[in-house]
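Asks: how would this look folded up:
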Amino acid sequence: MTHTIGAKGQVVIPKQLRDDLKIQPGQEVVFERRGDDVLLRKAPTATPTTPLKGRFRGSALTEALLDARREDRLAEGTDN
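Replies: Below you'll find the predicted structure:
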């Protein structure tokens, strides 16, 4: 497939390739230089923190700390 680069350096990924690779609007892609060639690939969707997602979910500790602070303020007779 041959395409022309626009005035702003943009090139359209053909629909068939987008469909085959399941590339969606707004999705990131990576350009890699390989000698005189350029390789385009989908950017990885995982980040270094992905395995940690949901692990610290919940607000029990935060709520407990806030409640303790509220009690301290009441005992001290302050509103702040």
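
Asks: Please make it C-alpha for all contacts and neighbour counts, starting now.
Replies: Noted.

Asks: I'd like to know how many residues surround Asp19.
Replies: Residues near Asp19, counting by other CA atoms under 10 Å, number 11.

Asks: mind listing the strands for this protein?
Replies: 29-34, 37-42 (DSSP state E).

Asks: Of all the ones you listed, which one comes closest to His3?
Replies: strand 37-42 (13.8 Å; CA to CA).

Asks: Contact partners for Arg33?
Replies: Applying CA atoms under 8 Å, 6 or more residues apart in numbering to Arg33 gives the contacts Leu39.

Asks: Can you find the helix or strand in this structure with the smallest mean pLDDT?
Replies: Least confident helix or strand, the chain: helix 60-76 with a mean of 86, by mean pLDDT, DSSP states H and E.

Asks: nearest residue to Pro39 other than its sequence neighbours?
Replies: Careful, residue 39 is Leu; it's not Pro. Glu32 (5.0 Å; CA to CA, 6 or more residues apart in numbering).

Asks: In contact with the one you found: list those residues for me.
Replies: Listed by CA under 8 Å, 6+ apart, the contact set of Glu32 reads Val38, Leu39, Leu40.

Asks: Equivalent analysis for Arg18, please.
Replies: By CA under 8 Å, 6+ apart, Arg18 lies in contact with Gln24.

Asks: Apply 6 Å and report the result again.
Replies: By CA atoms under 6 Å, 6 or more residues apart in numbering, the contact list for Arg18 is empty.

Asks: pLDDT score for it?
Replies: On the pLDDT scale, Arg18 is placed at 92.

Asks: Over to the one 4 residues further on?
Replies: Lys22 is assigned a predicted lDDT (pLDDT) of 90.

Asks: Kindly list the main-chain dihedrals of it?
Replies: The phi and psi values for Lys22, taken as degrees, to the nearest 10, are phi 60, psi 50.
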